[in-house]
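Undergrad: For reference, the sequence and a predicted model appear below.
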Amino acid sequence: MSTHTWFDTYDWDTVQRAIYTTTARQVERALSNSRRTLDDFQALISPAAQAYLEPMAQLSHQLTQKRFGKTIQLYAPLYLSNECQNICTYCAFSLDNRISRRTLTDEEILREATAVKELGYDHILLVTGEANQTVGVPYLKNAIRLLQPHFAHISMEVQPLDQPEYEELIAEGLNTVLVYQETYHRETYRNHHPKGKKSNFLYRLDTPDRLGKAGIHKMGLGALLGLEDWRTDSFFTAAHLHYLERMYWETRYSISFPRLRPIDLLQNDTITSKSFERCMTDRDLVQLICAYRLLNEEVELSLSTRETPRFRDHVLKLGITSLSAGSKTNPGGYTVEPQSLEQFAISDERSPAQMVDVIRRQGYEPVWKDWDKTLTGV
Amino acid sequence: MFTKQTTNPLVIASKSFSSRLFTGTGKFGSAQLMADALLASGTELVTVALKRIDAFNRQDDLLAHLAHPRFNLLPNTSGVRTAKEAVFAAQMAREALETNWLKLEIHPDPKYLLPDPIETLKAAEELVKLGFVVLPYIHADPVLCKRLEEVGVAAVMPLGAPIGTNKGLKTVDFLEIIIEQSRVPVVVDAGLGAPSHAAAAMEMGADAVLVNTAIAVSDDPVRMATAFKLAVDAGRLAYEARLARPSVVAHASSPFTAFLDEL
C-alpha cells in the first residue's frame, strides 16, 4: 500500500461536509467510546463538539497523565540557514523575500550549540530552508556530526529527502524528523507553493513513508493551521497518522500545531509585516489538541513559541507533551547574529528558565533528556 | 527470625530484599516527590530509564535523588528496538552506574511498549554470558519464561497488562502457570493500577511486583506508595499463611462415588 492509497480513500469535500454536519449525538457517542476511531475524531473536531470542550479537556488531561505522567519535555530549535529556493506565501525565508541570506559555518554552529546547551537543552531541532546547493545532505550530515557529541537527541526539520539520504543521516545520529504537509488540499497547496521543489505535493506527501522505510525513530506530522479549513486539514493529518502507525509500527509519532504567525517582508529597504486571516481561535486549538489525545493516547503533542504565554500556560496540562522555549527562529539567533531576520515572529519570549518555573509551579517536571545515543549504538 | 508481621525475604541472584515492591522512577511531578514516594514505599529496587538520565554524571537530577542507601538501581533499556542495541546500552549502564543488574526491556513497538520475545531471549542469553544479572520484561508467556530461565536470567518480569494502563491482572491465567512452573523469582510488572491488583498478584504467589504509573500519577504519590507497600505486604503474608481458597469439594452428597462405599 502506498501513501496515495490512503490519501485517495478520502475526498476533501465529503470529509468537510461530514465534519460540519456532525450532530451532538455523534459527539456524545465519540466521547463515550473507550477506543476511538477516525470517525470519532471527525466528530470531536466538529463545530458540534465545541459545546463539549470542558469534558474533552478533562478526559484529555487524564489520558495524557496516564501515559506521559506529570512531565513536559523541552527542546530548542537551532536554525542553520535561511537560504531557500522555494516560494511559500507564508514564510519569511521565501525566495522572493529580499532578505540577507546566511548559512552557519562549522564554527558558528558550535557557538550556537554552546549557547543552546547553556540554556539547559539536550534536545535540539535543526532547521533550514530548502537550498540543495548550500544546505543539502552533505551540509546536514556535517552539522549532525558536529552536534552529536553535545546533544542526547537530534531532530531535524528541513526539506524532504530520499530514503537513502535519511538512512545516511540516521547513521550519524539523527533521531527525529518533522515534516509537515502544510495542507492536504492539493489546490490550496499549489497556490501557496508556486515555485521550487516544494511545489511537488505528492513528493512531500510520500515523505513520511520514505522516513518509515529508512527506520526513523520518531517523526512529526502537522498541517500549517490557517492555510485551509483547519478541521478538514486536521482530519487528513489524523488519517495520515493512522495509516503510518500501521505501516511503520516501530516509529514514534508526534503532532505539532503550527498556527500561521505574522512574518516580516523586506521590500525596497522597508520592512512590512504580513499577517494572515486568523482562521483558528484559541478555543479551536484547544479543541484540536484534546481531540488528538482522545483519538490517540500515545501520540506526542508539541507546542511551539508561536503561541502566547497565557495560552501555553493553560494548555500545558491539557494534552501537550513537549514545548520549546526561548526559541530563536533566525540563523545565528542565539549568539552569532541575534538581529538577523526571523522565520516567523514568536509570541512567547520567555526564557527556558522562566518556562521551567511555570512548569514546576503547575506540579509538572520539566524533562530535558528523554533519549540516549547509546540506545541506538551511536 | 521473622515476626508474624514480616514476610520472608526475597532473594534474587544472592541478593536479599525485605521489600517485595519494586518501583519505577518516571512520570513523577518532581524528582523530590519521586524520592519521597519511593522512601514511603519501602522499595529497595528502583528501575531507571537510561534515556532519562545522564548516566555518567553524578549531578544528574534524577540520580542525585536516588542516592539513598536503601535504593538499589536497576537500569532499564527502554527505547532499544533490538538485542544488539540492548547489549550495547547494557554495557554503558554497567560502566556508568557500576551495577551489573539490568532490567532488559526491548519494545520495538513504541505505541503499546509491548516486549519483543525473540530479541529479548537473544539479548538475555548474551547478557548472562557477559555477567549481567538479567531481569527481562516480557509477555505473560509461560514457555518464554522457561526458555529465559534456561539461558540463566535471575528473574522473569511478565506483564499484568500493557505498561501504564492501570488495568490490573489481565493476564492472570498465564501468570498462574508461570508462577507454578518457574524456578526463578516471578515479578509481575506493568499494568498494576491499584493496591488491590498488587495484593492479588502477591496472593497468587508472585515473588514481587513492580509499580510506577499508579504511584507517580496519583494526586498524592506518598500516600499511594504507602498503600501499595501495605497491599504487597498483605498479599505476601496471605500467601505465606496459605490463603484459604474457595472450596471445590462437593459437600452435600456424592451421587457418582457413593457406590464405592456400598462395596
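TA: Perfect, thanks for sending it.
Undergrad: what about the nearest residue to residue B:57 once chain neighbours are set aside, distance to residue B:56?
TA: Of all residues beyond its chain neighbours, the one nearest residue B:57 is residue B:63 (7.5 Å), with distances taken as C-beta to C-beta, 6 or more residues apart in numbering or on different chains. C-beta: built from backbone N, CA, C; applies to glycine. In this view, residue B:63 and residue B:56 are 10 Å apart by C-beta to C-beta, to the nearest Å.
Undergrad: now swap in residue A:310 and tell me
TA: From residue A:310 to residue B:56 the distance is 40 Å (C-beta to C-beta).
Undergrad: where does the closest residue to chain B within the stretch 1-150 of chain A fall, phi/psi-wise?
TA: Nearest residue of the stretch 1-150 of chain A to chain B (C-beta to the nearest C-beta) works out as residue A:69 at 2.2 Å. Backbone dihedrals for residue A:69, given as degrees, to the nearest 10, come out at phi 70, psi -170.
Undergrad: Give me the pLDDT for it.
TA: Residue A:69 carries a pLDDT value of 93.
Undergrad: just residue B:246 next, same as before
TA: In this model, residue B:246 carries a pLDDT of 63.
Undergrad: Point me to the residue of the stretch 101-250 of chain A nearest chain B.
TA: Counting by C-beta to the nearest C-beta, the stretch 101-250 of chain A gets nearest chain B through residue A:250, at 4.6 Å.
Undergrad: and residue B:63 and residue B:56? which has more neighbours close in?
TA: A count of neighbours by other C-beta atoms under 10 Å in any protein chain shown puts residue B:63 above the other of residue B:63 and residue B:56, at 21 against 11.
Undergrad: For residue B:34, see how far away the more buried one is.
TA: 12 Å.
Undergrad: Over to residue A:47?
TA: Relative to residue B:34, and taking C-beta to C-beta, residue A:47 is found at 43 Å.
Undergrad: Skipping adjacent residues, who's closest to residue A:36 in space?
TA: residue A:295 (5.2 Å).
Undergrad: wait, what's in contact with that neighbour?
TA: Listed by C-beta atoms under 8 Å, 6 or more residues apart in numbering or on different chains, the contact partners of residue A:295 are A:36, A:38, A:40-41, A:44, A:238.
Undergrad: picking that back up, quick check, the residue of the stretch 101-250 of chain A closest to chain B in contact with residue B:113.
TA: No: checked against C-beta atoms under 8 Å, the pair residue A:250 and residue B:113 is beyond contact range at 11.8 Å.
Undergrad: Pick out whichever of those two has more residues nearby.
TA: It is residue B:113, of residue A:250 and residue B:113, that has more neighbours when counted by other C-beta under 10 Å, with 20 against 16.
Undergrad: And the more buried one, how close does it get to residue A:121?
TA: In terms of C-beta to C-beta, residue B:113 sits 26 Å off from residue A:121.
Undergrad: What of residue B:35?
TA: From residue B:35 over to residue A:121 (counting by C-beta to C-beta), the distance is 25 Å.
Undergrad: quick one: which of these two has more around it?
TA: residue A:121 (25 against 20).
Undergrad: Make sure that one is actually in contact with residue A:352.
TA: Yes: counting by C-beta under 8 Å, residue A:121 does reach residue A:352; the two are 7.2 Å apart.
Undergrad: Residue A:341 and chain B, how far apart?
TA: Separation of residue A:341 from chain B (C-beta to the nearest C-beta, to the nearest Å) stands at 36 Å.
Undergrad: longest helix anywhere in chain B?
TA: helix B:221-240 (DSSP state H).
Undergrad: Now residue A:95: which helix or strand?
TA: Taking DSSP states H and E as the definition, residue A:95 sits outside all helices and strands.
Undergrad: surely it meets residue A:86?
TA: Yes: using C-beta under 8 Å, residue A:95 is in contact with residue A:86, at 6.1 Å.
Undergrad: Need the overlap of contacts for these two.
TA: What both residue A:95 and residue A:86 touch, as defined by C-beta under 8 Å, 6+ apart, is the set A:195-196.
Undergrad: would you list every one of the strands in the chain?
TA: The chain I'm using is chain A. Secondary structure of chain A (DSSP state E): strands at A:71-79, A:123-127, A:153-157, A:176-178, A:218-221, A:252-256, A:263-267, A:270-274, A:300-303, A:322-324, A:365-367.
Undergrad: try again with chain B
TA: B:10-12, B:15-17, B:21-24, B:45-49, B:72-76, B:101-104, B:133-138, B:157-158, B:187-189, B:208-211.
Undergrad: partner strands of the shortest one, parallel or antiparallel?
TA: Put plainly, it is strand B:157-158. strand B:133-138 (parallel) (DSSP bridges).
Undergrad: which of the residues in the strand it pairs with are buried?
TA: B:133-138 (16 or more other C-beta atoms under 10 Å in any protein chain shown).
Undergrad: where along the stretch 251-378 of chain A do the helices fall?
TA: With DSSP state H, counting those that start in this stretch, the ranges of helices along the stretch 251-378 of chain A come out as A:282-295, A:309-315, A:352-361.
Undergrad: nope, the stretch 151-263 of chain B is what I was after
TA: According to DSSP H, counting those that start in this stretch, the helices that the stretch 151-263 of chain B contains are B:172-181, B:195-204, B:213-216, B:221-240, B:258-262.
Undergrad: Next, the contact list for the nearest residue to residue A:158 once chain neighbours are set aside, please.
TA: Counting by C-beta to C-beta, 6+ apart, residue A:128 is the residue found nearest to residue A:158 once chain neighbours are left out, at 4.7 Å. Residue A:128 makes contact with A:79-83, A:103, A:135, A:139-140, A:158-159, according to C-beta under 8 Å, 6+ apart.
Undergrad: end-to-end on stretch A:304-314?
TA: 14 Å (C-alpha to C-alpha, to the nearest Å).
Undergrad: and the stretch 1-150 of chain A, which residues reach chain B?
TA: Within the stretch 1-150 of chain A, the residues that sit near chain B (C-beta under 8 Å from any C-beta of the partner chain) are A:65-71, A:122.
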